[in-house]
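1. Generate a structure from the sequence data that follows.
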Amino acid sequence: MSRRGTAEKRTAKPDPIFRNRLVNMVPVKKIQQKTETNPLLVLRQAIRRVTPNIGVKTRRNKKGSTRKVPIEIGSKQGRALAIRWLLEASKSVRVEISLSN
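-> Numbering: from 1, shown residues only. Model (predicted):
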């Protein structure tokens, strides 16, 4: 058990234009140029589609062997996983930059 106190939950300030905390992390102008729709709707739809409902945890039984057991995930943890997966997938996409002389 830790001797330190528990960390306080910090909330990011919302974006002044869209009044949303998620917009701070995403390049909104690029989304708006490519899709020509409201970038906040695109972002919410992507997160809603990726958010998991069930996760897997490793449990050990009486004999000592381990197995994976499906466990329901809360909404905050599911949203955090969805954002993490989206950021990871977007970073893995290779973008080629052509330099003109």
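
2. got the buried residues for the lowest-mean-pLDDT helix or strand in the chain?
-> In the chain, no helix or strand scores lower on mean pLDDT, DSSP states H and E than helix 28-35, which sits at a mean of 80. Neighbour counts over helix 28-35 (16 or more other Cβ atoms under 10 Å) mark 28, 31 as buried. Glycine gets a C-beta too; all of them are placed from N, C-alpha and C.

3. Count the neighbours of the closest residue in space to Arg60 that isn't next to it in sequence for me.
-> Nearest non-adjacent residue to Arg60, counting by Cβ to Cβ, 6 or more residues apart in numbering: Thr66, 5.0 Å away. If you count neighbours by other Cβ atoms under 10 Å, Thr66 ends up with 9.

4. CA-only coordinates of the least confident helix or strand of the chain, as PDB, when you get a sec.
-> What follows is helix 28-35, C-alpha atoms only, in PDB (Å, rounded to 0.1, in the frame of the first residue of the first chain):
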ATOM      1  CA  VAL A  28      -9.600  20.000 -35.800                       C
ATOM      2  CA  LYS A  29      -8.800  22.100 -38.900                       C
ATOM      3  CA  LYS A  30      -7.500  19.000 -40.800                       C
ATOM      4  CA  ILE A  31     -10.700  17.100 -40.000                       C
ATOM      5  CA  GLN A  32     -12.800  20.000 -41.200                       C
ATOM      6  CA  GLN A  33     -10.900  20.400 -44.400                       C
ATOM      7  CA  LYS A  34     -10.900  16.700 -45.300                       C
ATOM      8  CA  THR A  35     -14.500  15.900 -44.400                       C
END
